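Trainee: Model the structure of this input:
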Amino acid sequence: MGKSKSDKRLSDGSAGGSASKRSKEAAGPSSEGASSSTTPMPTGSPARGAAPLVAPTPAPASTPTFAAPAPADEDSMPHLCCSVCLSFPESEVLQCCAGHIMCKECYDRVCHEEKPSCPSCREPLDVFKPIRNMLAERSIAVLSVRCPNAGCEKALTRGVLDAHLARECHYRQVCCKFAPIGCKWEGIAAAQAKHEDSCKRAETPGWKLLKRVLECQEAERTKHEMELAEARAGLAVCDMLSSRCKNVEFTSVVCHKCSSHEHVAGKPAHCVSATFHAIGFRWKLFTVSEPTEKRFSAVLQLRDCRVPLRAEVFVLRGQPLPEDIKLKISTTTHTFDNKHRSTDPVLLAEGAACETLENMECITLRVGLIDKRSGRLDRGFMGQMVSGGSGMGGMDEWDDEERSEDDGMESGGSESDLSSINSNRPVRIWQ
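Mentor: Numbering: from 1, shown residues only. I've put the predicted structure just below:
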């Protein structure tokens with residue numbers, strides 16, 4: 001029997017459905033996943049050959065910006081300021097027993113006074129047991145501060161400022177790494193690498209490098225010899241103070257500029273001090289400047305010479321001087337008498353420092369005098385209280401009493417006589 005048209009369409013549809021079903025099973029689950037993940041084309045898609053539609057990119061979320069905190073100043077936090085210099089302490093913070101804080105520099109300066117006391121409450125300070133305020137140090141360390149280098153705007157705290165200035169700041173002043181071989185470039189750290197890549201000193205030939213190295217070694221050797229000479233002078237002073245002597249005295253002397261007509265040791269004097277007393281004699285200190293030889297010296301003069309006096313003398317710096325001036329430790333040994341009342345000039349400085357010293361109106365020096373005469377030690381040097389006499393280190397009232405006591409013992413005096421002598425003699429007080 002012939003099939004009708006409707007039966008034929010049904011048979012074709014069932015055959016097509018079974019074929020599509022078999023193809024899906026052969027493809028497996030991957031094809032299903034791929035088909036499920038495919039997004040349908042939006043309506044109104046562009047024609048073939050046209051540019052594809054691009055989804056608009058969302059604008060990024062704006063990051064909130066915070067302004068750097070304003071640097072803390074002394075006016076806003078006076079409770080964290082030093083009570084002497086009224087500024088924030090840079091290192092250690094010390095305090096009195098009442099809690100008033102001071103920076104390390106001001107505390108040391110106050111402790112060098114005759115009676116160290118707090119400048120705020122006048123409470124005495126214990127120079128051997130300073131009180132450190134750790135809470136104030138930590139509070140100051142977290143205060144905001146601005147970098148002092150021009151151009152740097154990094155937010156900092158006082159606790160990290162030193163490390164930032166030493167290693168991290170791109171605007172700090174540095175020199176070229178070829179500076180030891182003669183490069184004179186100096187600039188900010190941000191430009192250092194660019195300069196070093198094109199530095200002409202990097203192409204210096206070997207013989208020039210060797211010459212420069214020898215010059216640097218010679219400069220280091222000269223500096224080392226100067227340091228050794230200073231150390232030997234310091235040891236010489238220690239040996240003077242350790243040796244047997246009759247008396248030792250130190251004094252601080254201020255020398256003022258004098259007239260050009262005044263001479264000492266056959267040379268024109270530059271500065272002269274007022275007469276001062278030491279080890280029982282009167283003295284004057286002169287400074288002598290020799291511009292042609294670039295030498296600056298000191299001369300000690302004995303004003304009155306009653307007996308020959310053998311003494312050791314050393315002269316030290318007595319006031320802060322500019323950084324380019326460094327006075328030497330000068331020592332000398334001299335026997336003073338009527339014909340030799342002045343020592344030979346002892347060298348204090350030489351070279352370029354002499355010109356600066358010559359232009360100074362006054363100079364403060366410290367002079368040490370060691371009496372090397374034979375005889376018994378001076379009572380003041382032994383730590384005994386002076387009860388009378390001249391105090392010149394000679395025979396005085398104490399010696400007379402000891403001699404009278406010895407005479408009484410030799411003559412066989414009674415115990416009552418000895419007790420009366422002992423009751424009238426002064427009491428020895430040891431410091």
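
Trainee: So residue 196 belongs to a helix, correct?
Mentor: Yes: the assignment for residue 196 (DSSP: H, G, I helix; E, B strand; the rest coil) places it in a helix.

Trainee: is it true that it touches residue 177?
Mentor: Yes: assessed by C-beta atoms under 8 Å, residue 196 is found in contact with residue 177 at 5.9 Å. For every residue, glycine as well, the C-beta is placed using N, CA and C.

Trainee: How far away from the center of its chain is stretch 342-361?
Mentor: 26 Å (C-alpha atoms, centre = their mean, to the nearest Å).

Trainee: now do stretch 180-197
Mentor: 27 Å.

Trainee: Now it: buried residues?
Mentor: 181, 183, 185, 188, 192, 195 (16 or more other C-beta atoms under 10 Å).

Trainee: Of all pairs in these, which one is the farthest apart?
Mentor: Within the buried residues of stretch 180-197, two members stand farthest from each other by C-beta to C-beta: 181 and 188, at 21.8 Å.

Trainee: contacting residues around the closest residue to residue 357 other than its chain neighbours?
Mentor: In space, and not counting its chain neighbours, residue 357 is closest to residue 296: 4.9 Å by C-beta to C-beta, 6 or more residues apart in numbering. For residue 296, the contact set (C-beta atoms under 8 Å, 6 or more residues apart in numbering) comprises 270, 287-290, 347-350, 353-354, 357-358.

Trainee: Now do the contacts for the residue lying closest to residue 295 once chain neighbours are set aside.
Mentor: Spatially, and ignoring its direct neighbours in sequence, residue 295 is nearest to residue 350 (5.2 Å; C-beta to C-beta, 6+ apart). Neighbouring residues of residue 350 by C-beta under 8 Å, 6+ apart: 294, 295, 296.

Trainee: Could you give the average pLDDT over the helix or strand containing residue 211?
Mentor: Element membership of residue 211 [criterion: DSSP states H and E] is helix 206-242. For helix 206-242, mean pLDDT is 89.

Trainee: And stretch 294-304, by the same measure?
Mentor: For stretch 294-304, the per-residue pLDDT averages 90.

Trainee: And for the residue sitting nearest the centre point of the chain, nearest residue in space, chain neighbours not counted?
Mentor: With distances taken as C-alpha atoms, centre = their mean, residue 105 lies nearest the centre of the chain, 10.4 Å away. With C-beta to C-beta, 6+ apart as the criterion, residue 105 has its nearest non-adjacent residue at 7.7 Å, and that residue is residue 85.

Trainee: That neighbour: what secondary structure?
Mentor: Under three-state DSSP, residue 85 comes out as coil.

Trainee: how close does it sit to residue 115?
Mentor: 21 Å (C-beta to C-beta, to the nearest Å).

Trainee: Likewise for residue 326?
Mentor: In terms of C-beta to C-beta, residue 326 sits 33 Å off from residue 115.

Trainee: Likewise for residue 313?
Mentor: If you go by C-beta to C-beta, the gap between residue 313 and residue 115 works out to 32 Å.

Trainee: So for these two, which residue has more residues nearby?
Mentor: Neighbour totals were compared for residue 313 and residue 115, and residue 313 leads with 21 against 7 (other C-beta atoms under 10 Å).

Trainee: give me the beta-bridge partners of residue 257?
Mentor: residue 271 (DSSP bridges).

Trainee: From what I see, it and residue 269 are in contact.
Mentor: No: in this structure residue 257 lies outside contact range of residue 269 using C-beta under 8 Å: 9.4 Å.

Trainee: Settle it for me: which of the two has more neighbours?
Mentor: residue 269 (22 against 16).

Trainee: And the pLDDT at the more buried one?
Mentor: 89.

Trainee: I'd guessed it sits against residue 256; true?
Mentor: No: if you go by C-beta under 8 Å, residue 269 and residue 256 don't touch, sitting 10.9 Å apart.

Trainee: so what's in contact with the two at the same time?
Mentor: In contact with both residue 269 and residue 256: no residue, using C-beta under 8 Å, 6+ apart.

Trainee: Would you map the helices across this protein?
Mentor: 5-27, 29-37, 104-111, 134-141, 161-163, 192-197, 206-242, 353-358, 397-410, 415-424 (DSSP state H).

Trainee: Could you count how many residues lie near residue 283?
Mentor: 22.

Trainee: Now do the contacts for it.
Mentor: Per C-beta under 8 Å, 6+ apart, neighbours of residue 283: 275, 276, 277, 300, 301, 302, 303, 367, 369.

Trainee: Please verify my assumption that the first one contacts residue 284.
Mentor: Going back to what we said before, that points to residue 275. Yes: the pair residue 275 and residue 284 qualifies as a contact (C-beta under 8 Å) at a distance of 5.7 Å.

Trainee: of the two, who's got more company?
Mentor: residue 284 (20 against 12).

Trainee: leaving aside the residues next to it on the chain, what's closest to that one?
Mentor: Per C-beta to C-beta, 6+ apart, closest to residue 284 is residue 301, 4.7 Å.

Trainee: Looks like the one you found contacts residue 263 (just checking).
Mentor: No: in this structure, residue 301 is not within contact of residue 263 by C-beta under 8 Å, at 11.1 Å.

Trainee: Those two: which has the busier surroundings?
Mentor: Higher neighbour count among residue 301 and residue 263: residue 301, with 19 against 11, using other C-beta under 10 Å.

Trainee: wait, what's in contact with the more buried one?
Mentor: 264, 283, 284, 285, 286, 341, 342, 343.

Trainee: Distance check, it against residue 283.
Mentor: Distance from residue 301 to residue 283, by C-beta to C-beta: 7 Å.

Trainee: Residue 365 too?
Mentor: Residue 365 is 12 Å from residue 283, by C-beta to C-beta.
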